[in-house]
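Q: here's a sequence, model it:
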Amino acid sequence: MNPSPMPVAVIGAGTMGHALALVHALGGHPVRLYDNSPVALARAPGLMQTALATIRAAGEAPPGWTADRLADAVRIVPDLGEAAGGAGLVVEAVAEDAEVKRQVFAALDGLMPDDAILASNTSMLDIFPLVPERRARHTLIAHWYTPPYLVDLVDVVAGPATDPAVVETVRALYAGFGKHPIVLRRFVPGFIANRIQAAISLEVNALLDAGVAGPADIDDSIRHGLALRMALMGHLMKADFTGLALSRKILGNRSYTPPEATGRCATLERLVDAGRTGVDAGAGYYDYGGRSAAELFQERDRKLFALKRAFRAVEGVPARPVDSD
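A: Coordinates of the predicted model:
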């Protein structure tokens with residue numbers, strides 16, 4: 001728990017917003033959660049309580065966290081001024097739309113304290129031109145991955161005018177939550193993990209469309225091949241174990257041509273057109289046998305928590321990287 005609680009406002013109570021409210025509350029901070037949708041606000045407490053129950057069942061909740069304590073820690077407020085007023089940290093988690101974010105930032109400018117930190121959860125947008133100029137020094141990106149109460153990675157990205165002290169404050173705050181903040185040296189759309197995931201998706205889509213293998217075999221190749229090693233070593237340390245001389249030779253052979261980024265995948269198009277849109281629909285690349293989405297998400301979270309515990313047990317002390325500068 002962070003030793004110096006500060007009021008946190010979370011703007012947006014959707015898929016990420018309600019979960020970010022939960023994460024900041026578990027980190028020891030009083031939270032005010034706002035959304036302009038009464039429906040989203042009404043759903044948020046139940047979603048947070050379900051997530052807390054999952055965390056507690058996995059043995060990952062801080063001591064003493066109950067449903068009543070969560071209800072006290074996160075206030076649901078229907079007024080933006082009430083949410084942002086007096087906040088030390090304002091977390092923006094609204095729709096991934098530049099104009100929507102611009103309007104929210106403009107509204108917040110007149111409501112939040114002058115020295116409050118504004119952290120955007122944007123996953124792709126360069127939000128810095130959208131923020132009022134006088135807020136630039138205290139604005140950054142803090143991008144979380146879903147579900148943020150389980151996935152520890154946080155991308156922390158400064159803008160051209162962001163005060164380095166603000167970056168360090170946010171990095172230290174989330175490290176104190178037990179998360180793993182990564183400070184990028186500059187903004188790039190998608191940051192690191194999402195860009196690598198996009199490259200993997202491009203290749204997977206090409207393999208599916210070419211009929212090389214089906215979804216289960218492709219996923220098994222990732223789970224039993226790539227993921228096992230990469231979970232412990234990432235990609236670059238894995239290359240060290242392979243040997244960089246061999247890596248250079250393979251690269252020089254140019255025996256691999258990446259798929260062209262066409263923006264379409266025929267296999268994906270067929271599934272979506274057939275209504276197989278994923279877990280919520282009961283089927284996507286896989287058929288989930290009539291099991292509810294809630295059950296499937298809870299099972300996913302339970303297994304991921306088990307993997308996290310195993311990872312912590314075997315990770316040890318990482319090697320010191322060589323800076324490329």
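
Q: low pLDDT regions in the stretch 201-325 of the chain?
A: For the stretch 201-325 of the chain, applying pLDDT under 70 flags the ranges 316-320, 322-325.

Q: how about the helices in it?
A: Remark: helices assigned in the stretch 201-325 of the chain by DSSP state H, counting those that start in this stretch are 215-221, 228-233, 236-242, 244-253, 266-273, 293-315.

Q: relative to R43, which of these is closest?
A: helix 293-315 (13.0 Å; Cβ to Cβ). Using the backbone N, CA and C atoms, a C-beta is placed for each residue, glycine as well.

Q: any chance of the helices of the stretch 201-325 of the chain in TSV, plus distance to G159 and mean neighbour count?
A: Below are those laid out as TSV (distance: least, Cβ to Cβ, whole Å; neighbours: other Cβ atoms under 10 Å):
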stretch	distance to G159	mean neighbour count
helix 215-221	38	13
helix 228-233	31	14
helix 236-242	27	12
helix 244-253	34	10
helix 266-273	34	14
helix 293-315	32	13
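
Q: closest to A198 out of the ones you listed?
A: Evaluated over these, closeness to A198 peaks at helix 266-273, with 13.9 Å, by Cβ to Cβ.

Q: which residues touch the residue nearest to A57 when sequence neighbours are not counted?
A: Computed as Cβ to Cβ, 6 or more residues apart in numbering, the closest residue to A57 that is not its neighbour in sequence is R302, at 7.2 Å. When contacts are counted by Cβ atoms under 8 Å, 6 or more residues apart in numbering, R302 is found next to T54, A57, A58.

Q: most neighbours among the residues you listed, please name it.
A: T54 (20 neighbours; other Cβ atoms under 10 Å).

Q: now that one: phi and psi?
A: Phi and psi for T54, reported as degrees, to the nearest 10, are phi -60, psi -40.

Q: how close does it get to A19?
A: Counting by Cβ to Cβ, to the nearest Å, the gap from T54 to A19 is 11 Å.

Q: what's the answer for A293, then?
A: 16 Å.

Q: number of residues surrounding the residue nearest to H180 when sequence neighbours are not counted?
A: Distances taken as Cβ to Cβ, 6+ apart put D152 closest to H180, at 4.4 Å, once the chain neighbours are dropped. D152 is flanked by 16 other residues according to other Cβ under 10 Å.

Q: pull the contacting residues for D152.
A: By Cβ under 8 Å, 6+ apart, the contact set of D152 is G178, K179, H180, K308.
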